[in-house]
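Asks: quick one, what's the 3D model for this:
(one chain, ligands or ions: 2)
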Amino acid sequence: MGILNLLFANRDVLNIEDIDVYEKHGGYAGLRKAVGMERQAVVDDVKLSGLRGRGGAGFPTWIKWNGLPKNYDIPHYVICNADEGEPGTYKDRELMLKLAHTLVEGMIIAGYATSSIAGYVYIRGEYVEPAWQVRKAIDQAYKKGYLGKNILGIEGFNYDLHIHLGAGSYECGEESALMSSLMGERGNPRLKFPHAPLPTVSGVWQSPTLINNVETYCAATWILANGGEAYSKLGTERSKGTKIISVSGHVHKPANYEIEMGTPLMELLETAGGIKGGKLKAVIPGGSSVQIMTAEQCTKINLDYESCAANGTLLGSGGFMAFNDRTDIVLLMKRTAEFYMHESCGKCTPCREGTRWIFKIMDRITSGNGQTDDVALLLDVCSQIDGRSYCGLGDAAAWPIVGAIKAFPEEFDYWIKYKRSPVGKNAVPPTPEVVNPLLTLTPA
Ligand SMILES: Cc1cc2nc3c(=O)[nH]c(=O)nc-3n(C[C@H](O)[C@H](O)[C@H](O)COP(=O)(O)O)c2cc1C
Ligand code: SF4
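Replies: Ligands and ions are numbered 1, 2, ... in the order given. The predicted structure is shown next:
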């Protein structure tokens, strides 16, 4: 367990973004191997690997790859979700910046396996430099015959790759909203299975569509080059392989770390140089939408899907944020609530209205106007959003608040009772002196 660089193996190789250097380090070997196999055998290798989607939900990748119809009377498409909007997550950025060919290769393999005619990399608007690197990699791949017509001499294997820049909306990372945006529509989500067909049956332009995260395609490149069996031997029983974790917050060495699935949370924290500016108070392991864990809970968690879920949180997108004991959890949650309120697309009432209610209550608590039943009210509002919203953003807005109330109830009570932050030099015992709550947050 611990650091295991598969996708990151060549991260620090000089000029690895150049196709010749990439090829010298084994690049495009996975694609060459794939096109020598039956298309179904490629899907079967991904199945054998046990790879699960790295965009957040951990859905088995092979089920999607296998789910596209095998008749080809309408075109099939491949989409890469490079929107990376989850606060705390920045792994896809580094993959595209340094290892864009690994992504391009993975998307060509996916195109071959699903007999698709084209792929789209949907990149968030702020990621200008990563988008340039992907552009460069695509252009180089065309020149080498890895893209275009009759790829690698395979008659009829015609496949193009395009880039589409989003406008920087968190909601456009939700797969159905992403597809709406890609088609030039407003970035609202669409009706989901079982009320509507899966994207693999009717996705972009009502055509069968495969949609995966950047890291998922990069892992597929490794799997085809090294074999699904080799990948399946890594990690835990149900969480195979590696996961890139974006570590940020109060640590000495914030960075992306590729770890074997199942690595203890505390081991990663140590690798990231440990907590700075105080003692460990809390960790959000999988991006701002997952439940925060207390220092004591952190000692029990391994970084894999099952261990996180068993401890009441999620591995999510791997946006790992660590906080020292000078962090005000209520202020942190107020900022989180503000983010989701801002990003709600407004299509459905529970999320549009509920996220505003959450923020208003958090704001009044942290302005010193909290009321005794505000915590109960927050829980009630969250219960009206969670599971009742049109897409996952509603759940994502409710979970962190409920999680923080569960993990740190005394901090909410303190704010309401004493009208000031429970952390900082003047916190205990409370004095009439007014402390600016914003000053109690230690900058990362
Ligand atoms: C509000 C919301 C935002 C999302 N943002 C992203 C994102 O930025 N990147 C991503 O890969 N998946 C995101 N997802 C998950 C996608 O909908 C989808 O599950 C994922 O792209 C599938 O890829 P995977 O199977 O490789 O994980 C988001 C989901 C929701 C509900
Ligand atoms: S939950 Fe509703 S309002 Fe919120 S982003 Fe999704 S569709 Fe839009």
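Asks: does the lengthiest strand in the chain reach ligand 1?
Replies: For the chain, the longest strand by residue count, based on DSSP state E, is strand 242-249. No - judged by CB under 6 Å from any ligand atom, strand 242-249 stays clear of ligand 1, getting no closer than 11.5 Å. All C-beta atoms are positioned from the backbone trio N, CA, C, and that covers glycine.
Asks: next structured bit after that strand?
Replies: strand 256-260 (DSSP states H and E).
Asks: using PDB, list the CA coordinates for that next one.
Replies: Extracted in PDB, the C-alpha atoms of strand 256-260 (Å, rounded to 0.1, in the frame of the first residue of the first chain):
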ATOM      1  CA  ASN A 256      -1.400  14.800  -6.600                       C
ATOM      2  CA  TYR A 257      -0.400  11.400  -5.100                       C
ATOM      3  CA  GLU A 258      -1.200   8.200  -7.000                       C
ATOM      4  CA  ILE A 259      -1.800   5.500  -4.300                       C
ATOM      5  CA  GLU A 260      -2.800   1.900  -4.300                       C
END
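Asks: related to what we said a few turns ago, show me what the longest strand of the chain is packed up against.
Replies: Judged by 3 or more CB pairs under 8 Å, 6 or more residues apart in numbering; DSSP states H and E, strand 242-249 is in contact with helix 91-113, helix 214-226, strand 256-260, strand 319-324.
Asks: how about these, which one is nearest L377?
Replies: strand 319-324 (25.3 Å; CB to CB).
Asks: please enumerate residues in contact with the closest one?
Replies: The contact list for strand 319-324, computed with CB atoms under 8 Å, 6 or more residues apart in numbering, reads 86-90, 245-251, 268-269, 272, 275-288, 329, 332, 442.
Asks: which pLDDT value goes with the residue in the stretch 1-150 of the chain that ligand 1 sits nearest to?
Replies: Per CB to the nearest ligand atom, G53 is where the stretch 1-150 of the chain lies closest to ligand 1, at 2.2 Å. You'll see G53 listed with a pLDDT of 97.
Asks: just to revisit the earlier point, could you dump the helices and strands packed on strand 242-249 to TSV with distance to ligand 2 and mean neighbour count?
Replies: Formatted as TSV, the helices and strands packed on strand 242-249 follow (distance: least, CB to the nearest ligand atom, whole Å; neighbours: other CB atoms under 10 Å):
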stretch	distance to ligand 2	mean neighbour count
helix 91-113	21	26
helix 214-226	22	27
strand 256-260	27	22
strand 319-324	19	25
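Asks: residues in this structure within reach of ligand 2, list them.
Replies: 171, 189, 344-348, 351-352, 389-391, 393-394.
Asks: G55 reaches N81, doesn't it?
Replies: Yes - taking CB atoms under 8 Å as the definition, G55 is a contact partner of N81 at 5.6 Å.
Asks: name the residues contacting each of those two.
Replies: With CB under 8 Å, 6+ apart, G55 and N81 have common neighbours G173, N212, N213.
Asks: tell me the contacts of the last one?
Replies: Contact partners of N213, counting by CB under 8 Å, 6+ apart, are G53, R54, G55, G56, C80, N81, A82, D92, S317.
Asks: got the contact list for the residue in the stretch 151-300 of the chain positioned nearest to ligand 1?
Replies: The nearest approach of the stretch 151-300 of the chain to ligand 1 comes at G173, 2.3 Å away (CB to the nearest ligand atom). Residues near G173 by CB under 8 Å, 6+ apart: G55, N81, D83, E84, G85, E86, R124.
Asks: go with 7 Å
Replies: Applying CB atoms under 7 Å, 6 or more residues apart in numbering to G173 gives the contacts N81, D83, G85.
Asks: from ligand 2, how far off is the nearest residue to the first one once chain neighbours are set aside?
Replies: Same thing as N81. Nearest non-adjacent residue to N81, counting by CB to CB, 6 or more residues apart in numbering: N213, 5.1 Å away. According to CB to the nearest ligand atom, to the nearest Å, N213 and ligand 2 sit 19 Å apart.
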